[in-house]
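*Asks:* coords below, sequence missing:
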């Protein structure tokens, strides 16, 4: 009885305190709601932006379902048009308007997974993306819509070249999904795609699951900094545990003074997951089958068909020409490296595993750079204001922060972009720069809304730049490593590109462009990180920001950029050639091919005995298959543009021309034509090759 009485008292106490708590919560909620009402009332509406910010988990899923429902409605309406009644207004226009209207709504559903601190919202965002992707996949296989669009093309009733291009892209998208095939072949295509996806993921899974551990004592790791050694686990026998992961392998190959350790690590790293060789061989066979089913002779032709390179033959020509042009510089580099190894280690043969270590030593000797000191000159706020100034002076843009804008975190800023001369609003971009838990870990730009001009209605571009940069703490500024400065300016190139794009259709706007082309403007902008006058704009000693980086340090950074880069680039070309050959030729002996290419491209340096690079080359397994060349391609043409048009690095006339002739047209025009029109000739590799020769 006594226990029952005590339980009743506890229940009454809980009820009483619970009621009081509820009352307090209700009061707090009312106060918060009132504050939010007045705060939101003062927030600026973003004219032209349909991006939704701070959507709850339930709202994200509801919005995703609405997107799918509206898309079904429009696709059904287009599919119902009689083939003899097709017009731009009832066929192409509805699909173009749907794409323009829904893109920012889709992004409103999916970008929270990158930036939200709420696990529920991130999960909802991932689920929303799954639902939308599943629907888009269904739409891409709708034969009824395909027939109507194809009937419109057959009429040849073009309102403009951009309309023609848009309609043709729609048909090509359908046909790359097999809608021009018989039902039997279409089913085979889907089976092949499913098998390819499964094998690609298995290849990556095998690499991720590799748990090989190498053991070394402290004498075998001489040269590694104490901070690195402290981060290693210790085995029972007291030795350091080294994992075959890049964050362990790269420092050892670059810093360890013991040649036998470098070789041991390089061999082990290069023979990981030998089972992946058979996985890659099967993958390539399936890709060739898929390509032939779609009417291509091999997978490489399928992969590059809609890219700036246009054919596998042009890719080979490009890579071999670059490799050959680098041979003289690379030979000089190799001679210097061999001589340095002979002095340090005696008469041991120079191997490919020695390249990172001795290249770094010579670069440090030639450039005399302490990157710890360099970092002191790059407070993040100063770098950011300097980047704004560079883009203003180059491209005629003005940046203005939107105060009291709705954002998802107090650190996030929103900026309007205006044309400097006319004052026209060009677009918006959010900056989410600072380190935060649960946030996406890499620096990148996400297009939240693509620009378009459809049916006399303008939709302006909206972008998001995400990073994980250090924030000022207790009066100490967040300082950027020089690599972070370069990366930030690169990504800002994407923001400028996205904002300046003036394409009619969303399909050809923003960053949804030819992958061979879309990186060129950003790689072009990286050059301003290596010129004294622009470096001084983005730098200032953290204890006295009126003191910019010194001229000699600027020169050293420029030397560092190209110093001993020819051999490293040849090594990258080797992998690109391997990727292109296996995807353009059937039944290739992959190990034999790699050995042959290695000796040929790397000036007689043999492949490390016992390694099998094909088993641990993830780019050719997923994401970059037959297109590994694309990064070099972009860098080469960016170098040509910079050396030809920007002798005066703040030449606004050249910057405005670049903005109007290259950035504005978007993906509806051939990128090669855009660059040729800007340069006054076809792009060349010569400036890029010359920059490598100057490094010695």
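*Replies:* Sure, I can see it. Source: prediction; values computed, not measured. Numbers count the residues shown, from 1 in each chain.
*Asks:* the strand or helix carrying residue 599: how far from the chain's middle?
*Replies:* Per DSSP states H and E: residue 599 is located in helix 590-601. Taking CA atoms, centre = their mean, to the nearest Å, one finds helix 590-601 lying 29 Å from the centre of the chain it belongs to.
*Asks:* for the closest residue to residue 353 other than its chain neighbours, what are its contacts?
*Replies:* The spatial neighbour of residue 353 that comes closest, neighbours along the chain excluded (CB to CB, 6 or more residues apart in numbering), is residue 266 at 3.6 Å. (Each C-beta comes from the backbone N, C-alpha and C, glycine too.) Applying CB atoms under 8 Å, 6 or more residues apart in numbering to residue 266 gives the contacts 249, 253, 351, 352, 353, 608, 611.
*Asks:* just give the number of residues close to the spatially closest residue to residue 173 that is not a sequence neighbour.
*Replies:* Nearest non-adjacent residue to residue 173, counting by CB to CB, 6+ apart: residue 140, 6.3 Å away. Residue 140 is flanked by 15 other residues according to other CB atoms under 10 Å.
*Asks:* pLDDT at residue 140, what is it?
*Replies:* With respect to pLDDT, residue 140 has a value of 96.
*Asks:* assess the claim that it and residue 178 are in contact.
*Replies:* No. Using CB atoms under 8 Å, residue 140 is not in contact with residue 178; the gap is 9.9 Å.
*Asks:* which stretches of the stretch 101-250 of the chain form strands?
*Replies:* Along the stretch 101-250 of the chain, the stretches classed as strands by DSSP state E, counting those that start in this stretch are 213-216, 240-243.
*Asks:* and the residue nearest the centre of the chain?
*Replies:* Nearest to the geometric centre of the chain sits residue 444, at 6.1 Å (CA atoms, centre = their mean).
*Asks:* ok, and the closest non-adjacent residue to that one?
*Replies:* Spatial nearest neighbour of residue 444, chain neighbours left out: residue 466 (5.6 Å); criterion: CB to CB, 6+ apart.
*Asks:* helix, strand or coil for the one you found?
*Replies:* The local conformation at residue 466, judged by DSSP: H, G, I helix; E, B strand; the rest coil, is strand.
*Asks:* which strands or helices does the strand of greatest length in the chain pack on?
*Replies:* Ordering each strand of the chain by length in residues (DSSP state E) puts strand 425-434 first. Judged by 3 or more CB pairs under 8 Å, 6 or more residues apart in numbering; DSSP states H and E, strand 425-434 is in contact with helix 380-395, strand 413-419, strand 462-469, helix 482-500.
*Asks:* and it, how far out from the chain's middle?
*Replies:* Distance, centroid of strand 425-434 to centroid of chain: 17 Å (CA atoms, centre = their mean).
*Asks:* wait, residue 163 sits on residue 88?
*Replies:* Yes. Shown here, residue 163 and residue 88 form a contact pair, counting by CB under 8 Å, at 6.5 Å.
*Asks:* can you check the pLDDT for the closest residue in space to residue 264 that isn't next to it in sequence?
*Replies:* The shortest distance from residue 264 to any non-neighbouring residue, by CB to CB, 6+ apart, is to residue 214 (6.8 Å). Per-residue confidence (pLDDT) for residue 214: 97.
*Asks:* if I look at residue 214, how far off is residue 272?
*Replies:* From residue 214 over to residue 272 the distance is 12 Å, taken as CB to CB, to the nearest Å.
*Asks:* common neighbours of the two, please.
*Replies:* Here residue 214 and residue 272 share the contacting residues residue 244, scored by CB under 8 Å, 6+ apart.
*Asks:* if we can go back for a sec, buried residues, the helix holding residue 599. List them.
*Replies:* Neighbour-count burial for helix 590-601, counted by 16 or more other CB atoms under 10 Å, picks out 590, 593, 594, 595, 597, 598, 601.
*Asks:* please tell me I have it right and the fifth one contacts residue 576.
*Replies:* No. The pair residue 597 and residue 576 fails to qualify as a contact (CB under 8 Å) at a distance of 10.1 Å.
*Asks:* show me where the stretch 51-200 of the chain dips below the pLDDT cut-off.
*Replies:* By pLDDT under 70, the stretch 51-200 of the chain contains no weakly predicted segment.
*Asks:* nearest to residue 313, of the contacts of residue 266?
*Replies:* Of all the contacts of residue 266, residue 352 has the smallest distance to residue 313: 28.9 Å, by CB to CB.
*Asks:* which residues sit against the helix or strand residue 71 falls within?
*Replies:* For residue 71, the host element (DSSP H and E) is helix 57-79. Contact partners of helix 57-79, identified using CB under 8 Å, 6+ apart, comprise 52, 55, 90-91, 94-95, 98, 102, 105-106, 108-109, 112, 118, 120-121, 123-125, 127-129, 131-132, 135, 139, 142, 144-145, 148-149.
*Asks:* now, of those, which are buried?
*Replies:* Buried among the contacts of helix 57-79 by 16+ other CB under 10 Å: 52, 55, 90-91, 94-95, 98, 102, 105-106, 108-109, 112, 121, 123-125, 127-129, 132, 135, 139, 142, 145, 148-149.
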